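Participant: Here is my input, please return the structure:
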Amino acid sequence: MTSTGTPARNYPTRPYLAVSAAIFDGERVLIVRRAHPPARGLYTLPGGVVEVGETLEQAVIREIREETGLDIEPLGLAGYRQVISHDSGGRIERHFVILPFAARRIGGEVALNEELTEAHWLSPSQLPGLETTEGLAEIIAAARQRLAAR
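Facilitator: All right, here's what the predicted structure looks like:
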């Protein structure tokens, strides 16, 4: 938090780089539900901000372990997403560049941290009808193709 009480990532002076992972366990992918704004209540992929000095792979492994308790093997990027939101006055309130990875679960059991309210292992065919972050189905499809190519 800043000294004014606003979350430090609101009203940024630069975009934030983040990673996420479409984690597959067989044919199922892990979908999580966010507990806090801006994506509160939406189903999405677990992940978070890259810290200074981390590679993208190190960041996604750390973020997934922190949020879900799982150990993963990142297998490559599955696209990108840009999240830019404005407040009612037109100012940029949030700006993230998100690099989602295709990943395989290699260990651990799902144990969510306070950032998530739910987790489900789903077939990609079960996504329609869920309230998801923009482009989630496309990222999962790209990640699935990436895994199939290995």
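Participant: What is the end-to-end distance of stretch 63-73?
Facilitator: Stretch 63-73 has its terminal residues 13 Å apart, counting by C-alpha to C-alpha, to the nearest Å.
Participant: now what about it, what contacts it?
Facilitator: Residues from elsewhere that reach stretch 63-73 (C-beta atoms under 8 Å, 6 or more residues apart in numbering): 19-21, 23, 30, 32, 46-49, 60-61, 103-113, 115-116, 119. For glycine as for every other residue, the C-beta is placed from the backbone atoms N, C-alpha and C.
Participant: pLDDT of the top strand by length along the chain, averaged?
Facilitator: When the chain is parsed with DSSP state E, its longest strand is strand 92-107. Mean pLDDT, strand 92-107: 97.
Participant: Partner strands of it and their direction?
Facilitator: In the sheet, strand 92-107 lines up against strand 16-25 (parallel), strand 71-77 (antiparallel), strand 81-86 (antiparallel) (DSSP bridges).
Participant: Which among those is found nearest to Pro38?
Facilitator: Closest to Pro38 of these is strand 81-86 (C-beta to C-beta; 6.1 Å).
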